[in-house]
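Novice: following is a predicted model, sequence given first.
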Amino acid sequence: MATSCSTSLLVFLFAIFSTLTCCSVASNEFQVGDSNGWAVPPQNDTNFYNEWASHNRFHAGDTLWFKYKKDSVMEVDEGDYTHCNATHPKLFSNSGNTKLKLGHPGTFYFMSGASGHCEVGQKMIVRVMVDESLPQHAKSSGYHIAISPTGLSQVLFFQFLLASFLGSLSN
Ligand SMILES: *[C@@H]1O[C@H](CO)[C@@H](O)[C@H](O)[C@H]1NC(C)=O
Ligand SMILES: *[C@@H]1O[C@H](CO)[C@@H](O)[C@H](O)[C@H]1NC(C)=O
């Protein structure tokens with residue numbers, strides 16, 4: 001009895017932990033370029049960052065993490081992106097470690113502010129999806145549903161464990 005009780009307690013704590021974990025990672029952080037970071041792409045690979053972006057799905061609330069050395073990152077409009085015009089960015093950072101939250105669905109344009117880097121492909125278009133998994137009425141009434149289908153099954157699992165734990169206590 002004592003053993004099964006402490007086992008249940010462990011499972012119970014694990015369930016709480018995984019439930020918390022499930023719902024706090026509702027938004028993701030993406031390291032731009034993965035291990036390459038934010039740098040001049042390999043020679044002739046001018047589409048490097050757009051390919052990286054096309055392999056990911058971005059949602060409102062996700063964060064882009066730019067890691068770089070002796071470089072910078074700018075958010076610009078479409079025209080400046082196309083022409084690598086760095087004269088009036090919407091946002092500029094050269095801290096080497098820039099985290100930008102994608103606050104809303106839409107298209108975002110980024111480029112390096114270092115001279116000549118954008119021209120050889122250190123630029124990127126990021127499209128942030130409208131989250132289709134939210135029911136229409138939930139969107140319009142401003143609800144935030146933090147529980148994904150996986151999260152929901154974890155919550156049900158958690159309730160099941162809680163019930164077994166309380167059951168084992170009353171034995
Ligand atoms: C890059 O492109 C140029 C011109 O097309 C070519 O001469 C060069 O060999 C290419 N370099 C690489 C590494 O593919
Ligand atoms: C960059 O944009 C500014 C403002 O729109 C413009 O005056 C300038 O000529 C542009 N520079 C280049 C190189 O296109």
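Specialist: Okay, I see it. Nothing here was measured: the structure is a model prediction, and the numbers come from that model. Numbering: from 1, shown residues only. Ligands and ions are numbered 1, 2, ... in the order given.

Novice: neighbours of S54, how many?
Specialist: Number of residues near S54 (other Cβ atoms under 10 Å) recorded here: 12. Using the backbone N, CA and C atoms, a C-beta is placed for each residue, glycine as well.

Novice: and the pLDDT at it?
Specialist: Note for S54: predicted pLDDT of 96.

Novice: that one and N85, how far apart?
Specialist: When distance is defined by Cβ to Cβ, to the nearest Å, S54 is 24 Å away from N85.

Novice: nearest to ligand 2: which residue in this structure?
Specialist: Proximity of the chain to ligand 2 (Cβ to the nearest ligand atom) peaks at N85, 3.6 Å away.

Novice: so where do the helices sit in the protein?
Specialist: Secondary structure of the chain (DSSP state H): helices located at 2-24, 48-54, 78-83, 136-140, 149-169.

Novice: report all helices and strands that the third one contacts.
Specialist: Helices and strands touching helix 78-83, by 3 or more Cβ pairs under 8 Å, 6 or more residues apart in numbering; DSSP states H and E, are strand 106-111.

Novice: from the rest of the structure, what touches the strand it packs on?
Specialist: Here strand 106-111 makes contact (Cβ atoms under 8 Å, 6 or more residues apart in numbering) with 49, 64, 66, 73-78, 80-81, 84, 86, 102, 117-118, 122-128.
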